[in-house]
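Trainee: Task: produce atomic coordinates for the following.
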Amino acid sequence: MIQKTRGIVFRFTRYGETSIVVTIFTEAFGLQSYLVNGVRSKSSKNKMALFQPLTLLNLVVYHRERANLERIKEVQCFHPYRTLPTDIRKSTIGMFIIEVLNKCIRDEMHGSEIFEYITNALVYLDEAPERFENFHLIFLIRLSRFLGFGAYQASDITGGFMASPELSNIIDQLLQANHDTEIQITGAQRREILDMLLLFYAHHLEIGELKSLAVLRTILS
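Mentor: You can find the predicted model right below:
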């Protein structure tokens, strides 16, 4: 059956000489895998830009219940990024975000609300002119609520850590924040809160090593 849906590209793997299998988090069907033939050939190489991680797509797809691999009939980008690929801070945050998403969202069970949140967050990051250094902290907090183990108070995040009153106050602000909320945080505090958030995630999910973490810490220090 042919269906329309929006999607966020999570990852792709090469298949044969010119094709790929792309994993897309769709609004209608959750996480899906699609075979795209010939997209890596010389005549179609520009189309590969549509399947880079975090690309936001309008899709017309063939969909069957419980099928492992489907095909895409039509595809176009509904929000071409303007600054996310070129701003080193934004692209580093994006690299971290997509690695987290690939580890946290693993099946078809996630609904349209989490898709809407992720999409709006990415569009905000792309369009934000400045003061987005705390984006990944707020993103992790708000994403956890869609994943079912949400952080709602500072003790959820600090766990067994003895956080200073100042740090606890910052975490309280982050828990109430939207992505455009301005919160004064030093680089050291940002790293400490991120470490706490990742431990919080690790208590609920097997996220393992994040390869982008070292780069993120360096760029946002």
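Trainee: quick one: low-confidence parts of the protein?
Mentor: Counting by pLDDT under 70, the chain shows low-confidence ranges at 45-46, 108-109, 160, 221.
Trainee: all helices for it, in order.
Mentor: In order along the chain, the chain carries the following helices (DSSP state H): 88-104, 112-127, 135-147, 154-158, 165-176, 187-202, 213-219.
Trainee: between the second one and helix 135-147, how many degrees?
Mentor: Angular relation of helix 112-127 and helix 135-147 on a 0 to 180 degree scale: 170 degrees, by axes from the mean of the first three to the mean of the last three C-alpha atoms, to 10 degrees.
Trainee: Can you give me every residue that contacts Tyr152?
Mentor: The contact partners of Tyr152, by C-beta atoms under 8 Å, 6 or more residues apart in numbering, come to 145, 175. For glycine as for every other residue, the C-beta is placed from the backbone atoms N, C-alpha and C.
Trainee: circling back to that earlier point, save the helices of the chain as CSV, and put in mean neighbour count too.
Mentor: CSV is the format used below for these (neighbours: other C-beta atoms under 10 Å):
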stretch, mean neighbour count
helix 88-104, 19
helix 112-127, 17
helix 135-147, 20
helix 154-158, 18
helix 165-176, 16
helix 187-202, 17
helix 213-219, 15
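Trainee: In CSV: those helices, plus distance to Arg66.
Mentor: Putting these into CSV (distance: least, C-beta to C-beta, whole Å) gives the following:
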stretch, distance to Arg66
helix 88-104, 22
helix 112-127, 20
helix 135-147, 23
helix 154-158, 36
helix 165-176, 38
helix 187-202, 29
helix 213-219, 35
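Trainee: right, so of those helices, which gets closest to Thr26?
Mentor: For Thr26, the closest of those is helix 112-127, at 7.4 Å, according to C-beta to C-beta.
Trainee: got the angle between the closest one and helix 88-104?
Mentor: 160 degrees.
Trainee: Going forward, the N-terminal residue is numbered 38.
Mentor: Got it, first residue is 38 now, which makes that one helix 149-164.
Trainee: Who are the packing partners of helix 149-164?
Mentor: For helix 149-164, the contact count by 3 or more C-beta pairs under 8 Å, 6 or more residues apart in numbering; DSSP states H and E identifies strand 39-52, strand 56-63, strand 93-99, helix 125-141, helix 172-184 as packing neighbours.
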